[in-house]
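Novice: fold the following.
(6 chains)
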Protein chains: 4
Amino acid sequence: MSKGRRGRPRSEAVHLAILRATLSLLLESGYSAVSMDKVAALAGVATQTVYRRWPSKGPLVAEAVMHAYEQSDFTLPDTGDTFADLRTWMRMLAEVGSTAENAALIRSLVAAAAEDLHDRDTLSAQLTGRFHDAVAERLRSGVSAGQIREDAAINAAADALIGATLYHLLSVTSSAQETEELYMAVIEVVARGISK
Amino acid sequence: MSKGRRGRPRSEAVHLAILRATLSLLLESGYSAVSMDKVAALAGVATQTVYRRWPSKGPLVAEAVMHAYEQSDFTLPDTGDTFADLRTWMRMLAEVGSTAENAALIRSLVAAAAEDLHDRDTLSAQLTGRFHDAVAERLRSGVSAGQIREDAAINAAADALIGATLYHLLSVTSSAQETEELYMAVIEVVARGISK
Amino acid sequence: MSKGRRGRPRSEAVHLAILRATLSLLLESGYSAVSMDKVAALAGVATQTVYRRWPSKGPLVAEAVMHAYEQSDFTLPDTGDTFADLRTWMRMLAEVGSTAENAALIRSLVAAAAEDLHDRDTLSAQLTGRFHDAVAERLRSGVSAGQIREDAAINAAADALIGATLYHLLSVTSSAQETEELYMAVIEVVARGISK
Amino acid sequence: MSKGRRGRPRSEAVHLAILRATLSLLLESGYSAVSMDKVAALAGVATQTVYRRWPSKGPLVAEAVMHAYEQSDFTLPDTGDTFADLRTWMRMLAEVGSTAENAALIRSLVAAAAEDLHDRDTLSAQLTGRFHDAVAERLRSGVSAGQIREDAAINAAADALIGATLYHLLSVTSSAQETEELYMAVIEVVARGISK
DNA sequence: CCCTAAGCGAGACGGTACGTCACGTCTTCCT
DNA sequence: AGGAAGACGTGACGTACCGTCTCGCTTAGGG
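Specialist: The predicted structure is shown next:
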């Protein structure tokens, strides 16, 4: 028997205002500049209202970043040519990651995950995990298509691709072109390592 | 006229006490639990004394972590067989990273780097950067030895290896054995991708 | 034209539950520990339901305390001997005031009155005021009976008696016996001051 | 061996600023309007600085009020005529208590004392207690002078005088003249009660 | 039998205050 | 000078209350 909703329902507008405020602070000055107080103030909301929905900074930042990419489509294309598709996709990643804003957001997620063990699983599973799975999926489809060896270590290959991307994003600030060149080189190494 | 040292010289004991206190807090409760106040208190030292030597938490944590691994030798062996050497080395990495303490330290560094853009270069350059360079160096030596193709993208391969390692460390908590298996699979992919 | 009561009538049970909850908090931890939220929670009632009946903490506490003494009879006896009656009555006061619970309740009222000028008149008029009037009344009856001088300052005498009582209650914690001795001494002074 | 003062000494200016801010808030809007935050803000001081010196509102208000009367001399005159001296002194009390400001300060003290049992002893002992003792002292001197009976209950008389004063202050707002008349009547009753 | 009005529990909401912790600076004394 | 001690302004933390509000549900009239 459904108990039904009791009490005043949570305002959707408030939810959005908080996420928008968080994003704004994140983009302006980075993860460490985000504070529950500032978020609340900027969202025109009481501190308690933020805490009522998110227990701490980590999950809030996580949801805010996810929210920012909600519309984005990070699915890999499937034209039949696995490695060409990978190249297309990672070119897009390179482009996305080359804007300061996007890089800052990703780094924020990593900061949140690294800071609090508790948040880590949620965060990585939801963000980088989705990327990893998408890549692995496409690679498996490449196996079926006969372009990749049956005994290739799909997960290891996906780890190498996603790992290299993440590592590069965290380590240096480089131009979109340099980044793209590096990604293409990584793909080449991995492709040669798993193709028939 | 020799300028010499004026005034009371800085105590080496104090330096060590602060580093030890920092490490201890880091291991106990992670990066966010480290505070200059607590470090000073635990080291039996005045706050000012900490600030006199490190401008903020980031560099202090960095030095403390580096100090912890100062004795450790992360150079790759060179037995002549490049890929066997890589395997040996990454087996060691897997082992090191599988203890909770070491994993916590690495994550602390990443948190520091991701949180503060200013600290990023210092931190990653000094830690992961050294690993990356060591691997790249060994791979180049493998090129000379005729085990690796001359046109292989050495940096990309190193990025893939170090990146996969870092990504794995940040994403999941897994047993030493699982970690080792994954690393071996990654090496296999990369090795096949760059070997002659 | 009788307007009549429209809508659901206020529940008497709720009223009592709130008063009981307030008293309970008052006795447990004093005036400052009473909060509308806690009262509502303890009474198993919605916050709004409390506010619908009392505008703020002051009047609520006042009514709760009054409610506690509703049954009690604080009228002075009239056996014909004015001062003997006063002694009897103040012996009872001493006894009542010597239990921690009762002392706490009285102090609560004083706190409410002292804190908020707005509540003061209500509170003191209803509680200490009633005592003062009862004493003054009995003294006037003593005048008629020829035991007290016609030109005696009845109000001043009542102020002295009630004032000394209140002052003692607020200042120190003393045993019932000590309190009683003091009260008897006060009566003696006042009695000698106003008797024929 | 004296350990000596270590560290930066507490600023006297800060101490005074806080007391002045507290007094100002007290006079403006009463005890309940005083908050540690507002006091700090008004004093141009950090919240923490207030907490470093006073654990809570009660003692702070207490010290602020005491500070306000520090210069005042509440000793009873001793001209030889005990009851004339009492009258002189209570006329002064009536005048002091008839200004809204002073009445508010006294009520603040009572509120602080009534609210927190812990503060009570300190407060009443230091404020009303001093008055009580002063009166009792003067009465005893009246005994020596042969104006008061040897077996008179000095403490009870003092309680009656101070109690009536306090009770009147807490109960009603009245003009200086009405107050003075009442006090004179109280003195007359008590005087007649204890004189030879 | 629906209709309107009010009571009621639940809980969201904007505020204000709480008391604590951390940051980085400053002041004092001692070595 | 270095160093220990600790005050200080700033500002975030997470919690507690305040008094108001918005829900859905109940309990009474009145048409």
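Novice: can you tell me the element A:Thr165 falls in?
Specialist: helix A:154-171 (DSSP states H and E).
Novice: which helix or strand lies directly C-terminal to the helix or strand bottoming out on mean pLDDT in chain A?
Specialist: In chain A, the helix or strand scored least confidently by mean pLDDT, DSSP states H and E is helix A:117-126, which has a mean of 66. Note on helix A:117-126: by DSSP H and E, the next helix or strand toward the C-terminus is helix A:128-144.
Novice: now do the SS call for A:Ser174.
Specialist: coil (DSSP: H, G, I helix; E, B strand; the rest coil).
Novice: any idea how far it is from C:Met90?
Specialist: 90 Å (C-beta to C-beta, to the nearest Å). The way it works is simple: take the backbone N, C-alpha and C, and place the C-beta from them, glycine included.
Novice: any buried residues in the helix or strand harbouring A:Asn102, and which?
Specialist: Secondary-structure assignment from DSSP H and E places A:Asn102 in helix A:100-115. Neighbour counts over helix A:100-115 (16 or more other C-beta atoms under 10 Å in any protein chain shown) mark A:102-115 as buried.
Novice: for stretch A:6-18, same thing?
Specialist: Buried residues in stretch A:6-18 (16+ other C-beta under 10 Å): A:Val14, A:His15, A:Ala17, A:Ile18.
Novice: the residues you listed also near chain D: which ones?
Specialist: Filtering the buried residues of stretch A:6-18 for proximity to chain D by C-beta under 8 Å from any C-beta of the partner chain leaves nothing.
Novice: any idea whether the residue in chain A that chain C sits nearest to is helix, strand or coil?
Specialist: Per C-beta to the nearest C-beta, A:Gly7 is where chain A lies closest to chain C, at 9.4 Å. Here A:Gly7 takes the coil state, with states given by three-state DSSP.
Novice: again with A:Pro55
Specialist: Going by three-state DSSP: A:Pro55 is coil.
Novice: burial measure for it, as a count.
Specialist: By the criterion of other C-beta atoms under 10 Å in any protein chain shown, A:Pro55 has 11 neighbours.
Novice: is any part of stretch A:181-196 close to chain B?
Specialist: Yes - residues of stretch A:181-196 are located near chain B by C-beta under 8 Å from any C-beta, namely A:Leu182, A:Ala185, A:Val186, A:Glu188, A:Val189, A:Val190, A:Ala191, A:Arg192, A:Gly193, A:Ile194.
Novice: and A:Leu19, how close does it get to A:Arg52?
Specialist: 14 Å.
Novice: who has more neighbours, the two?
Specialist: A count of neighbours by other C-beta under 10 Å puts A:Leu19 above the other of A:Leu19 and A:Arg52, at 22 against 11.
Novice: residue contacts, A:Leu109?
Specialist: Neighbour list for A:Leu109: A:Val61, A:Ala62, A:Val65, A:Leu123, A:Leu127 [criterion: C-beta atoms under 8 Å, 6 or more residues apart in numbering or on different chains].
Novice: from the residues you listed, pick the one nearest chain B.
Specialist: Closest to chain B, out of all of the contacts of A:Leu109 and judged by C-beta to the nearest C-beta, is A:Leu123, at 9.4 Å.
Novice: how close does the most centrally placed residue in chain A get to A:Ala158?
Specialist: For chain A, A:Leu127 is the residue whose C-alpha lies nearest the centre (C-alpha atoms, centre = their mean; 3.9 Å). Per C-beta to C-beta, A:Leu127 is found 15 Å from A:Ala158.
Novice: cool, A:Glu178 as well?
Specialist: Computed as C-beta to C-beta, the A:Glu178 to A:Ala158 distance reads 23 Å.
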